[in-house]
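Engineer: need a structure here:
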Amino acid sequence: NAPIFGINAEGRVNEWNRKMAAITGFSKDDVFGKDLVDEYISDEFRESVRQVLDDALHGQQTDNYQVPLFTKHGDRVEVLLNATTRVDAAGTIVGVVGVGQDITAINQSQAELTRVANDLQLLIETANAPIFGINAEGRVNEWNRKMAAITGFSKDDVFGKDLVDEYISDEFRESVRQVLDDALHGQQT
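Structural biologist: Numbering: from 1, shown residues only. As a prediction, the model looks like this:
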């Protein structure tokens, strides 16, 4: 299930399993004998990937290194790689074996989550309604522009402070604290 490739001491592919072929669209025959970095790594990552492989060729293994590869159709896939030194029977370093995990879908999901989070943050910040947030201790962790305009307190003024103790008048403190405590425990009011 894991994508596995090997290179010789010159950086030329000498191992390419079925999973690597499935991920990239290149068969073992397509890649065998070709320079892995020059042929299948994008320009922006060639130097860093070459360094990881060179380090492994000098006995320094690298774990959990993200390697971007090109597919046969020009798409980019991401493989989380462990680069391990390959030695012969005499103990001489003869190449590198890369064992990885295809993390392309994970990276795409994370990028989408980041985009959605940024969109939501922008929506909160620019909403025409006052919006605030508190953490489990009741300290302010969100305060949009409208809240600042209404109260006169900027986000920097209130961030990290106890909302109820600092900004709610004595007469409403207990009732507001109860509503917020209920909300923090999943009870809508």
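
Engineer: Same question for the lowest-mean-pLDDT helix or strand in the chain: list its buried residues.
Structural biologist: None of the helices or strands of the chain scores lower by mean pLDDT, DSSP states H and E than helix 104-126, at a mean of 83. The neighbour-count check on helix 104-126 (16 or more other Cβ atoms under 10 Å) flags 104, 107, 124 as buried. Any C-beta I mention is one placed from the backbone N, CA and C, and that applies to glycine too.

Engineer: For this protein, give me the ranges with low pLDDT.
Structural biologist: Along the chain, segments meeting pLDDT under 70 span 105.

Engineer: can you give me the strands in it?
Structural biologist: Using DSSP state E, the strands found in the chain span residues 4-8, 13-16, 62-70, 76-87, 93-102, 132-134, 140-143.

Engineer: Centroid-wise, who is the farthest residue in this structure?
Structural biologist: For the chain, the C-alpha lying farthest from the average C-alpha position belongs to residue 171; by Cα atoms, centre = their mean, that distance is 46.7 Å.

Engineer: show me the contacts for that residue.
Structural biologist: For residue 171, no contacting residues are found, by Cβ atoms under 8 Å, 6 or more residues apart in numbering.

Engineer: hang on, the earlier thing: mind checking the strands of the chain for the one nearest to residue 187?
Structural biologist: Closest of the strands of the chain to residue 187 is strand 132-134, at 15.1 Å (criterion: Cβ to Cβ).

Engineer: In terms of secondary structure, what does that closest one contact?
Structural biologist: strand 140-143 (3 or more Cβ pairs under 8 Å, 6 or more residues apart in numbering; DSSP states H and E).

Engineer: Contacts for the strand it packs on, please.
Structural biologist: By Cβ under 8 Å, 6+ apart, strand 140-143 touches 124, 131-135, 153-155, 158-163.

Engineer: Going by neighbour count, list what's buried in it.
Structural biologist: Neighbour-count burial for strand 140-143 [16+ other Cβ under 10 Å]: 140, 142-143.

Engineer: May I have that strand exported as CSV, CA atoms only?
Structural biologist: The C-alpha trace of strand 140-143 is given here as CSV (Å, rounded to 0.1, in the frame of the first residue of the first chain):
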residue,chain,number,x,y,z
VAL,A,140,-12.8,37.2,25.0
ASN,A,141,-11.3,35.5,22.0
GLU,A,142,-13.4,37.1,19.3
TRP,A,143,-14.6,40.8,18.9
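
Engineer: That concludes my questions; thank you for your assistance.
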